[in-house]
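Here is my input, please return the structure:
(2 chains)
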Amino acid sequence: MLNIEKRLENDIWNLILTGEIDASNSVELDAAISEVVQDGAKSILIDCAALDYISSAGLGVFMSYLDEFEENNVKMVIFALKDKVFQVFHILGLDQLIDIRPSKEEALKG
Amino acid sequence: MNSQLRVYCDTAQLSDLRQFLESILKVTQLSEIEQHQVILAVEEVCANLIIHSHDCNSNEYIDLNVISSKALIVFEILDFGEGFNILEYQEPEISQVIKSKRKGGLGIILVKRIMDKIEFESFENKNICRLYKILNSK
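Here you go, the predicted model:
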């Protein structure tokens, strides 16, 4: 079960993820990111404080935007990952490729 | 101890699979992070079979047998049809995954990095993938 709340705060799109991301629902994450991109988002914060699980299907969604975001100067920051979820990013070395911060305050520092 | 679960080829079944694995792993000496990773590895193999080998046809199924002892836990994943040999699969470089914007390929890398040993065998129409995790290592 995955819930994605989209919230625009001071020109920054916040995507608040709750639950678990797997192959059954990763398209919802893709759609949510795609929607804010189409809306012209230049800064996207992904709040993962309530995210309990992510499989490669979800990781692949984040990865698929990295090049496009770099080309278009879109900043994406993932923050507040639970340790067990962060470790999944770390196994693949994605913590070196994706901007991951411990908290929203840190994520907003730019 | 042995446990079995039949998973029909629908990705909606993956959350049930995780619950099943969680109930088995929580009584092992693996840390919460290790349990999480083993659940992920088993799910990645099953999701791969459900999506790529069985085209999400919910009339088809895969069988999971879990054999655990004090020192070792083995996940035996059986399916019928065109086999997917995880050992022969050449996983992509992470940089390729980014460049090609492909959303797949990461799962098998995770499985190979998380599990201690992987076996694959296929005979007639039946395929077996075995994932081993040593319980007192890593």
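
who in chain B is up against chain A?
Residues of chain B lying near chain A by C-beta under 8 Å from any C-beta of the partner chain: B:11-12, B:14-15, B:18, B:32-33, B:36-37, B:40, B:43-44, B:47, B:50-51, B:94, B:97-99, B:101-107, B:109-110, B:113-114. All C-beta spots, glycine's among them, are computed from the backbone N, C-alpha and C.

and the lengthiest helix in chain A, C-alpha only, in PDB?
Identified as the longest helix of chain A according to DSSP state H is helix A:56-71. Only the C-alpha atoms of helix A:56-71 are listed here, as PDB (Å, rounded to 0.1, in the frame of the first residue of the first chain):
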ATOM      1  CA  SER A  56      14.100  -2.000  -7.200                       C
ATOM      2  CA  ALA A  57      10.900  -0.900  -9.000                       C
ATOM      3  CA  GLY A  58      10.800   2.200  -6.900                       C
ATOM      4  CA  LEU A  59      14.500   2.900  -7.000                       C
ATOM      5  CA  GLY A  60      14.300   2.600 -10.800                       C
ATOM      6  CA  VAL A  61      11.800   5.400 -10.900                       C
ATOM      7  CA  PHE A  62      14.100   7.800  -9.100                       C
ATOM      8  CA  MET A  63      17.000   6.700 -11.300                       C
ATOM      9  CA  SER A  64      15.100   7.200 -14.500                       C
ATOM     10  CA  TYR A  65      14.800  11.000 -13.700                       C
ATOM     11  CA  LEU A  66      18.400  11.700 -12.800                       C
ATOM     12  CA  ASP A  67      19.700  12.600 -16.200                       C
ATOM     13  CA  GLU A  68      16.600  14.600 -17.100                       C
ATOM     14  CA  PHE A  69      16.800  16.500 -13.900                       C
ATOM     15  CA  GLU A  70      20.500  17.300 -14.400                       C
ATOM     16  CA  GLU A  71      19.900  18.500 -17.900                       C
END
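
hmm, who's touching it?
Helix A:56-71 has contacts (C-beta atoms under 8 Å, 6 or more residues apart in numbering or on different chains) with A:21-23, A:26, A:29-30, A:33, A:37, A:46, A:74-76, A:78, A:88-89, A:92, A:94, A:97-98, B:44, B:47, B:94, B:97-99, B:101-107, B:109-110.

Which ones among those residues map onto helices?
Members of those lying in helices (criterion: DSSP H): A:26, A:29-30, A:33, A:37, A:88-89, B:44, B:47, B:94, B:97-99, B:106-107, B:109-110.

Drop anything exposed from the contacts of helix A:56-71.
Buried members of these, counted by 16 or more other C-beta atoms under 10 Å in any protein chain shown: A:21-23, A:26, A:29-30, A:33, A:37, A:46, A:74, A:76, A:78, A:88-89, A:92, A:94, A:97-98, B:44, B:47, B:94, B:97-98, B:103-107, B:109-110.

The helix or strand harbouring residue B:4 - contacts with which helices or strands?
Assessed by DSSP states H and E, residue B:4 sits inside strand B:2-8. Applying 3 or more C-beta pairs under 8 Å, 6 or more residues apart in numbering or on different chains; DSSP states H and E, one finds that strand B:2-8 makes contact with helix B:14-25, strand B:61-68.

can I get the ones you listed in JSON lines with mean neighbour count, mean pLDDT and distance to residue A:62?
Formatted as JSON lines, these follow (neighbours: other C-beta atoms under 10 Å in any protein chain shown; pLDDT from 0 to 100; distance: least, C-beta to C-beta, whole Å):
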{"stretch": "helix B:14-25", "mean neighbour count": "18", "mean pLDDT": "97", "distance to residue A:62": "19"}
{"stretch": "strand B:61-68", "mean neighbour count": "18", "mean pLDDT": "97", "distance to residue A:62": "27"}
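
hang on, isn't residue B:45 packed against residue B:111?
Yes - here residue B:45 reaches residue B:111: they are 5.9 Å apart, a contact under C-beta atoms under 8 Å.
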